[in-house]
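Asks: Structural data only, the sequence is not supplied:
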């Protein structure tokens with residue numbers, strides 16, 4: 001077997017998989033892999049050298065003729081031969097086994113010297129091998145010098161890895177901050193608009209009450225109530241979201257019957273469904289139990305049902321159905337509507353904090369999508385999953401999977417105490 005050397009560039013199309021090598025600038029003018037091998041070869045008087053990092057597709061080869069690469073065979077893992085030592089020379093008892101191992105890769109020489117690259121926690125990240133046809137053994141002082149140089153390379157790798165990780169975290173945080181800034185701009189806009197109406201109509205009532213008939217007063221009162229209610233819901237959702245993001249929600253899972261949550265939601269939202277001429281149908285059977293936080297799950301179901309009612313037609317044909325079933329994977333909850341549906345682009349934007357103002361509902365309702373962000377957060381806290389299936393003009397189905405109840409956990413099956421409305 002002979003090493004098939006490759007030119008760095010067009011022949012190394014898998015270079016993106018060489019994470020450590022790229023950190024060392026293997027494809028740049030500041031190629032620290034090449035510099036390390038060249039300097040170490042010079043110190044040892046070695047003719048050839050290779051450097052291999054674990055789980056990378058290429059091994060780097062250095063000789064007086066230049067720096068190249070060859071494809072890494074799957075059997076190049078040499079760490080077991082070192083047995084805790086930093087290097088293997090002719091005095092190491094594993095030296096014959098090491099020579100026999102590497103000779104099958106087309107590396108044939110009279111003398112060999114191998115170094116194990118281990119980071120601070122003792123984990124091996126690769127090996128460096130030096131070899132040539134000389135009969136003279138490698139000098140002990142030169143080996144010590146190259147060993148120190150190898151430790152310096154390892155330190156550089158650790159620093160560069162930490163820097164790359166910090167840079168990635170910084171970029172993620174910067175993107176998140178931008179997203180949150182955009183998010184709060186939308187929230188501020190959605191809050192300012194209803195307050196214009198509240199202030200304007202309040203001024204009319206305060207200054208022109210005597211000129212208004214009872215019908216006008218009733219219309220203004222209904223507008224003020226609906227606007228104040230929707231604005232309050234938005235503020236409450238914003239507060240819940242902020243608390244969830246700050247880790248202030250306490251996750252308290254228990255065993256409970258899912259029917260308890262669906263019954264609360266149906267009672268709370270039935271008046272809205274009747275007002276919009278929509279059938280709200282609770283098909284969740286008694287006896288289906290989940291292991292989750294009952295307050296969070298109630299909030300999730302209410303949010304999904306509220307969204308379904310928001311986008312379902314008011315012509316009398318609309319339906320919103322809550323359903324649940326059990327399987328080995330857990331308890332599956334679905335909230336299905338016969339509403340407007342969504343495009344693929346809209347579905348891709350769901351549950352994202354970088355939200356945009358959502359489209360109006362079938363009765364002109366406004367929203368920001370904040371409730372679905374909070375929904376996703378609560379489902380994650382309860383070790384569940386959520387997905388959506390929708391087609392424009394045919395309706396939408398939200399699917400939630402939660403852990404099933406087990407006998408090992410606290411159970412709650414009795415009728416829950418009177419609970420305040422959960423708004424999302």
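Replies: Sure, I can see it. Note that the coordinates shown come from a computational prediction; the quantities given were computed from them, not determined experimentally. Numbering: from 1, shown residues only.
Asks: Spatially nearest residue to residue 20, not counting backbone neighbours?
Replies: residue 53 (4.6 Å; CB to CB, 6 or more residues apart in numbering). C-beta: built from backbone N, CA, C; applies to glycine.
Asks: need the contact list for residue 116.
Replies: Contacts for residue 116 (CB atoms under 8 Å, 6 or more residues apart in numbering) come out as 78-79, 82, 85-87, 124, 127.
Asks: could I get those as CSV with secondary structure and distance to residue 276?
Replies: Below are those laid out as CSV (DSSP: H, G, I helix; E, B strand; the rest coil; distance: CB to CB, whole Å):
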residue, secondary structure, distance to residue 276
78, coil, 71
79, helix, 67
82, helix, 73
85, coil, 76
86, coil, 74
87, strand, 77
124, strand, 65
127, strand, 70
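Asks: neighbour-wise, which of those residues leads?
Replies: Most neighbours among the contacts of residue 116, by other CB atoms under 10 Å: residue 127, with 26 neighbours.
Asks: surely the residue nearest to residue 20 meets residue 128?
Replies: No: the criterion here is CB atoms under 8 Å, and residue 53 misses it with residue 128 at 10.0 Å.
Asks: who touches both of the two?
Replies: Contacts common to residue 53 and residue 128, judged by CB under 8 Å, 6+ apart, are residue 117.
Asks: secondary structure class for the residue nearest to residue 31 when sequence neighbours are not counted?
Replies: Closest residue to residue 31 apart from its sequence neighbours, by CB to CB, 6+ apart: residue 25 at 5.3 Å. The local conformation at residue 25, judged by DSSP: H, G, I helix; E, B strand; the rest coil, is coil.
Asks: For residue 158, see how far away residue 25 is.
Replies: Using CB to CB, to the nearest Å, one gets 16 Å for the distance from residue 25 to residue 158.
Asks: Spit out the contact partners of residue 326.
Replies: Contacts of residue 326 (CB under 8 Å, 6+ apart): 288, 332, 404.
Asks: Would you list the phi and psi of it?
Replies: phi -120, psi 150 (degrees, to the nearest 10).
Asks: Residue 381 too?
Replies: Residue torsions, per degrees, to the nearest 10, at residue 381 are phi -60, psi -30.
Asks: Next, count neighbours for the closest residue to it other than its chain neighbours.
Replies: In space, and not counting its chain neighbours, residue 381 is closest to residue 251: 5.0 Å by CB to CB, 6+ apart. For residue 251, the neighbour count with other CB under 10 Å is 12.
Asks: How about residue 83?
Replies: Residue 83, neighbours per other CB under 10 Å, totals 11.
Asks: Pretty sure it sits against residue 94.
Replies: Yes: with contact defined as CB under 8 Å, residue 83 reaches residue 94; the gap is 6.6 Å.
Asks: Name the surrounding residues that touch stretch 154-172.
Replies: 20, 23-24, 32, 117-120, 125.
Asks: Please apply the same query to stretch 70-87.
Replies: 3-6, 52, 54, 56-59, 61, 88, 92, 94, 97-98, 101-102, 104-105, 113-116, 118, 124, 127, 129, 143, 147, 150.
Asks: Fine by me, we can end here.
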